[in-house]
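**Q** turn this into a structure:
(one chain, ligands or ions: 2)
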Amino acid sequence: MNKNLTFDSIIIGSGQAGNPLAFFLAAQGETVALVEKGKLGGTCVNTGCTPTKTYVASARRAWELTQSKRLGIHTSSTPEIDLKQIWQQKENLIDSTRAGLQQGLEENKQIKVFNGVGKFLQPNLIQVGDDQLEAKKIYINVGTRPRIIPGFENTRYFTNESILELKEIPNHLLIVGGSYVGLEFAQIFKRLGSKVTVLEKGERIIHQEDPDHSQLVQEMLEAEGVQFELHSTCLSGKNWGKSQVKVQIDCHGEKKAVRGSHLLLATGREPNTDLLQLELAKVNTDERGFIRVSEKLETNIKGIFALGDCNGKGAFTHTAFHDFEIIKDHVSGAKKKKIRDRILNYALYIDPPFARAGITKTQALNSNKSYLFAEMPMSQINRAKEKGEMQGKMEVLVEEKSGVIAGAMICGPGADEIIGIFLTAMYGNLHVDVLKNGVFTHPTVTELIPTLLQSLQPLKK
Ligand SMILES: Cc1cc2nc3c(=O)[nH]c(=O)nc-3n(C[C@H](O)[C@H](O)[C@H](O)COP(=O)(O)OP(=O)(O)OC[C@H]3O[C@@H](n4cnc5c(N)ncnc54)[C@H](O)[C@@H]3O)c2cc1C
Ligand SMILES: NC(=O)c1ccc[n+]([C@@H]2O[C@H](COP(=O)([O-])OP(=O)(O)OC[C@H]3O[C@@H](n4cnc5c(N)ncnc54)[C@H](O)[C@@H]3O)[C@@H](O)[C@H]2O)c1
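**A** Ligands and ions are numbered 1, 2, ... in the order given. This next block holds a predicted model:
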């Protein structure tokens with residue numbers, strides 16, 4: 001039976017911004033409809049951060065066993081990898097996270113969850129199944145999905161979602177796309193026992209990073225046996241017999257191709273905004289379908305907001321959560337928080353992690369400001385030596401005039417946590433001397449930050 005229901009707010013998408021927002025608005029006394037077409041918790045919980053980092057942990061443990069001899073530990077047998085159990089462990093973690101969320105939503109009398117695809121009928125009217133929901137405020141948090149490139153329509157392929165359902169280790173995994181998703185899975189499956197080949201159309205992997213960083217990460221993965229085919233233009237796939245796939249990686253000249261047992265497409269994301277009938281609400285998007293928003297996340301239509309990956313202003317869980325913080329700040333009246341307050345930062349969870357904050361060397365060289373630069377290889381850092389993990393380095397960029405840190409990159413043990421030291425200094429607008437004069441705990445990677453800063457020199461091309 002059709003129902004017409006009125007709420008104070010409607011949230012479309014149970015993602016990293018939508019869930020905390022539902023609880024916050026409810027605590028303000030609002031009635032809230034939360035519309036979700038799939039599983040509660042969105043990408044990060046179900047098919048993104050949580051499952052991949054669980055797999056990274058298992059893969060790390062498998063790799064550690066192969067390294068134990070070097071550290072004087074002799075094991076009597078080769079480790080047996082049980083992907084079914086790794087899968088189960090990840091399922092358990094996801095289930096418990098989702099169960100906590102579901103319980104919180106069910107117990108909250110102010111929130112009602114609707115299962116189904118939310119679509120606009122008018123700027124303040126949403127259709128979900130047979131129900132029509134009305135509210136003065138609508139928050140869109142619909143996230144993104146894997147982008148499938150042309151040429152693979154009739155090929156057996158996996159995405160970041162379906163590959164997490166495998167129960168047996170692929171014999172030879174081909175991965176199209178040498179960026180965050182592709183590289184994390186490349187190392188995971190190599191360490192779990194697959195042969196892995198990454199096919200990247202560009203001249204280098206992680207093309208948004210500095211070229212020497214692309215090189216560094218490629219060399220680290222190659223040292224573990226991951227193979228790379230760069231300049232893989234003109235890609236297309238086809239099934240090869242019952243159990244293989246063949247990917248054409250150059251359709252000119254020698255017509256090069258590679259064959260494998262499994263194929264993962266990791267070629268970027270596209271926004272789920274096409275499901276929303278945004279045209280009926282006259283909400284503007286950019287040419288790629290991301291919703292255009294102001295600094296306070298409002299769309300061109302008053303009362304309609306877009307948060308998280310679907311607004312194209314961030315592509316991470318922490319940026320989606322910060323979008324929630326911005327809305328919270330505006331609803332509660334402080335009205336100080338803005339998108340531009342945040343400093344770009346993230347970690348690529350290969351092991352050891354590659355973490356970055358602020359600008360790159362390439363960006364610094366292309367700007368009209370002068371910068372100081374310092375770097376230090378992990379091979380000079382005692383803690384890294386003691387752990388026997390000396391790949392990677394630490395780098396920092398300081399704006400010469402202000403003496404404030406503009407960018408940092410750490411690739412090495414604990415990099416994803418240590419980058420927070422630079423970020424704190426950057427958020428606090430601290431002069432670099434504060435860190436340079438600090439005394440940090442021994443033996444840590446962090447204790448070398450003052451030494452790193454003592455070697456700052458003008459950044460040169
Ligand atoms: C493999 C992988 C690993 C990742 N690892 C990390 C990491 O380590 N660290 C990090 O910071 N980020 C990571 N990310 C990115 C992170 O997952 C996203 O940035 C984050 O989940 C974005 O959250 P969101 O709130 O924008 O939307 P999402 O979490 O994508 O949630 C959107 C929700 O909206 C629902 N929806 C869509 N359309 C509709 C509709 N019309 N009606 C109803 N519901 C709808 C979807 O089903 C989904 O549940 C990873 C991503 C992937 C793919
Ligand atoms: N640790 C993390 O924070 C983390 C981990 C995984 C994913 N993510 C998020 O997921 C998003 C998506 O990651 P992603 O790696 O899928 O996408 P991406 O957009 O970062 O990279 C896509 C890659 O595929 C390549 N590619 C695109 N079209 C191709 C083609 N036709 N042939 C061959 N190669 C092609 C591109 O050159 C690029 O290297 C990221 O923006 C990131 O925010 C974050």
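**Q** tell me who's in contact with E399.
**A** Remark: with contacts taken as C-beta atoms under 8 Å, 6 or more residues apart in numbering, E399 is in contact with 369-371, 405-406. Where you see a C-beta, it was placed from the backbone N, CA and C, and this is true even at glycine.
**Q** give me the buried positions along the lowest-mean-pLDDT helix or strand in the chain.
**A** One helix or strand of the chain scores below all others by mean pLDDT, DSSP states H and E: strand 3-6, with a mean of 91. By neighbour count, and taking 16 or more other C-beta atoms under 10 Å as the criterion, the buried residues in strand 3-6 are L5.
**Q** quick one: strands adjacent to it?
**A** strand 131-134 (parallel) (DSSP bridges).
**Q** gap between the partner strand and the chain center?
**A** Shown here is strand 131-134, whose average C-alpha point lies 33 Å from the average C-alpha point of the whole chain (C-alpha atoms, centre = their mean, to the nearest Å).
**Q** what is the neighbour count of the residue in the stretch 251-400 of the chain positioned nearest to ligand 1?
**A** Scanning the stretch 251-400 of the chain for the residue nearest ligand 1 gives G308, at 2.2 Å (criterion: C-beta to the nearest ligand atom). G308 is flanked by 33 other residues according to other C-beta atoms under 10 Å.
**Q** also Q85?
**A** The number of residues near Q85, taken as other C-beta under 10 Å, comes to 11.
**Q** now A257
**A** By other C-beta under 10 Å, the burial measure for A257, its neighbour count, is 16.
**Q** please tell me how far it sits from G237.
**A** As defined by C-beta to C-beta, to the nearest Å, A257 lies at a distance of 10 Å from G237.
**Q** ditto for G193
**A** G193 is 23 Å from G237, where distance means C-beta to C-beta.
**Q** higher neighbour count, the two?
**A** Counted by other C-beta under 10 Å, G193 and G237 do not tie: G237 has more neighbours, with 23 against 15.
**Q** which residue is the nearest non-sequential neighbour of the more buried one?
**A** Taking C-beta to C-beta, 6 or more residues apart in numbering, and ignoring the residues beside it in sequence, G237 has T155 as its nearest neighbour in space, at 3.6 Å.
**Q** how close does the one you found get to A415?
**A** Relative to A415, T155 is positioned 36 Å away (criterion: C-beta to C-beta).
**Q** ok so, going back, the least confident helix or strand of the chain: what's the following helix or strand?
**A** Proceeding C-terminally, strand 3-6 gives way to strand 9-12 as the next helix or strand, assigned by DSSP states H and E.
**Q** that next one vs ligand 1: in contact?
**A** Yes: contact check for strand 9-12 against ligand 1, using C-beta under 6 Å from any ligand atom: residues in range are I12.
**Q** check which helices and strands that strand is in contact with.
**A** The contact analysis (3 or more C-beta pairs under 8 Å, 6 or more residues apart in numbering; DSSP states H and E) places strand 9-12 against helix 18-27, strand 32-36, strand 137-140.
**Q** residue numbers of the stretch 151-300 of the chain in contact with ligand 1?
**A** 160, 181, 272, 275-276.
**Q** again, 5 Å this time
**A** The stretch 151-300 of the chain comes close to ligand 1 at residues 160, 181, 272, 275, as judged by C-beta under 5 Å from any ligand atom.
**Q** so which of these are also by ligand 2?
**A** Among those, the ones lying close to ligand 2 by the criterion of C-beta under 5 Å from any ligand atom are V181.
**Q** turn the residues of the stretch 151-300 of the chain next to ligand 1 into JSON lines, columns for pLDDT.
**A** Shown next, in JSON lines, are those (pLDDT from 0 to 100):
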{"residue": "N160", "pLDDT": "97"}
{"residue": "V181", "pLDDT": "98"}
{"residue": "N272", "pLDDT": "98"}
{"residue": "L275", "pLDDT": "97"}
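**Q** relative to helix 18-27, how tilted is the longest helix along the chain?
**A** Scanning the chain for the longest helix, with DSSP state H as the assignment, gives helix 83-107. Between the direction of helix 83-107 and that of helix 18-27, the angle (axes from the mean of the first three to the mean of the last three C-alpha atoms, to 10 degrees) works out to 20 degrees.
**Q** is ligand 1 within reach of helix 83-107?
**A** No: looking at helix 83-107 against ligand 1 by C-beta under 5 Å from any ligand atom, there are no contacts, and the closest approach is 10.8 Å.
**Q** nearest residue to the residue most central in space within the chain other than its sequence neighbours?
**A** When the chain is reduced to its mean C-alpha position, the closest residue under C-alpha atoms, centre = their mean turns out to be F316, at 4.9 Å. The shortest distance from F316 to any residue that is not its chain neighbour, by C-beta to C-beta, 6+ apart, is 5.5 Å, and that residue is Y346.
**Q** which residues touch the helix or strand encompassing that neighbour?
**A** Taking DSSP H and E as the criterion, the element that holds Y346 is strand 345-348. Contacting residues not belonging to strand 345-348 are listed as 180, 183-184, 206, 217, 316, 318, 353-358, 415-416, 419, 423 [C-beta under 8 Å, 6+ apart].
**Q** same thing but 6 Å
**A** When contacts are defined by C-beta atoms under 6 Å, 6 or more residues apart in numbering, strand 345-348 is touched by residues 180, 316, 353-355, 357, 416, 423.
**Q** what about those, which are in helices?
**A** With helices defined by DSSP H, the entries of these inside them are 180, 416, 423.
**Q** what's the neighbour count on the second one?
**A** Spelled out, that is D416. 18.
**Q** circling back to that earlier point, check the residue nearest to the centre of the chain and give its pLDDT.
**A** Model confidence at F316, expressed as pLDDT, equals 98.
**Q** swap in L133?
**A** Model confidence at L133, expressed as pLDDT, equals 98.
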